[in-house]
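Undergrad: Pasted the sequence and its predicted model underneath.
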Amino acid sequence: MALKQKDFIDVEFTGKVKDGEVFDSNIKKELEKMNSNIPAKPFVFCLGEGMFLKGIEDFLVGKEIGKYKIELTPEKAFGPRDSKLIQLIPMKVFREQKTQPIPGAVFDFDGKPAKVLTVSGGRVIADFNNPLAGKDLVYDLTVKRKIEDINEKIKALIDFFFRQELKFKIEDKKIILELDKALVEYAKLFQDKFKEVLGLELEIKEIDNPSKKSQ
């Protein structure tokens, strides 16, 4: 049966720069090659909801479960390089943070990572482009299965939005999600998305010591 928008699927993938190195994967042997400390684990996402690269999601709609090689131009991946994102940063910004800029180092500027290109006197040139911007990419991807279990779908959305496991239960067509007070307002941002994707209301239950084990 062909995959369609809002289907949840479980995939294995390896992404690499065309004719170049691997930059992302959820397969153990590929992560080992990258010397990555990220654990290999299944990746479950909902098609058409921006949980993976749009170019990949668009490609998979209408396809069957199986293996695919997907080639993406910059426009369908991380976008073209933008010269406007190469900016001059005064040296005093680094001095105030008691850091020393060196070419190749990556710093965070108000939540935006930038790579230092050159350092000369009181001038630092930094590149705010995504490191993969302007590059053709190739993904080797296997769609292992389509997800039907509602609990697995909920876990996938929780992992995507919160990057952690959280305790929840389904009751009266509602998802009751247990959250620490610090996350309550953040979680409210996704109530409409849970309703849109799963057809279930998201009810937030504030607790003092949330368990990080989903059911």
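TA: Received it, and whenever you're ready, just let me know what you need. Residues are numbered from 1 along each chain as shown.
Undergrad: Domain ranges for this protein, per the record?
TA: The chain breaks down by automatic domain parsing into domains covering 1-81+134-148, 83-127, 164-215.
Undergrad: Using JSON lines, lay out those together with mean neighbour count, distance to residue 156 and mean pLDDT.
TA: Any C-beta I mention is one placed from the backbone N, CA and C, and that applies to glycine too. JSON lines is the format used below for the domains of the chain (neighbours: other CB atoms under 10 Å; distance: least, CB to CB, whole Å; pLDDT from 0 to 100):
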{"stretch": "domain 1-81+134-148", "mean neighbour count": "15", "distance to residue 156": "4", "mean pLDDT": "96"}
{"stretch": "domain 83-127", "mean neighbour count": "13", "distance to residue 156": "25", "mean pLDDT": "92"}
{"stretch": "domain 164-215", "mean neighbour count": "14", "distance to residue 156": "10", "mean pLDDT": "88"}
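Undergrad: Using JSON lines, please lay out these together with distance to residue 157.
TA: Below are the domains of the chain laid out as JSON lines (distance: least, CB to CB, whole Å):
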{"stretch": "domain 1-81+134-148", "distance to residue 157": "7"}
{"stretch": "domain 83-127", "distance to residue 157": "23"}
{"stretch": "domain 164-215", "distance to residue 157": "6"}
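Undergrad: To residue 158, which of those lies closest?
TA: With CB to CB, the closest approach to residue 158 among the domains of the chain belongs to domain 164-215: 5.4 Å.
Undergrad: how far out from the middle of the chain is the closest one?
TA: Centroid separation for domain 164-215 versus its chain: 20 Å, with CA atoms, centre = their mean, to the nearest Å.
Undergrad: Same question for stretch 40-59.
TA: On CA atoms, centre = their mean, the centre of stretch 40-59 falls 9 Å from the chain's centre.
Undergrad: again with stretch 50-63
TA: The answer for stretch 50-63 is 14 Å, by CA atoms, centre = their mean.
Undergrad: which stretch among the domains of the chain comes nearest residue 154?
TA: It's domain 164-215; of the domains of the chain, that one is closest to residue 154 (CB to CB) at 5.9 Å.
Undergrad: With adjacent residues omitted, what lies nearest to residue 43?
TA: Nearest-residue entry for residue 43: residue 26, 4.9 Å, with adjacent residues in sequence omitted and distances by CB to CB, 6 or more residues apart in numbering.
Undergrad: doesn't residue 74 make contact with residue 135?
TA: Yes - counting by CB atoms under 8 Å, residue 74 is a contact partner of residue 135 at 6.2 Å.
Undergrad: Show me the helices in this structure, by range?
TA: Per DSSP state H, the chain carries helices over the ranges 28-33, 54-60, 91-96, 150-162, 181-188, 191-198.
Undergrad: Any idea which of those gets closest to residue 1?
TA: Closest of the helices of the chain to residue 1 is helix 54-60, at 13.1 Å (criterion: CB to CB).
Undergrad: which other residues reach that closest one?
TA: 3, 9, 47-48, 50-51, 68, 70, 72-73, 76-77, 139, 141, 143 (CB atoms under 8 Å, 6 or more residues apart in numbering).
Undergrad: coming back round to it: columns distance to residue 120 on top of the helices of the chain, output as a markdown table?
TA: Converted to a markdown table, these look like this (distance: least, CB to CB, whole Å):
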| stretch | distance to residue 120 |
| --- | --- |
| helix 28-33 | 36 |
| helix 54-60 | 38 |
| helix 91-96 | 10 |
| helix 150-162 | 42 |
| helix 181-188 | 41 |
| helix 191-198 | 46 |
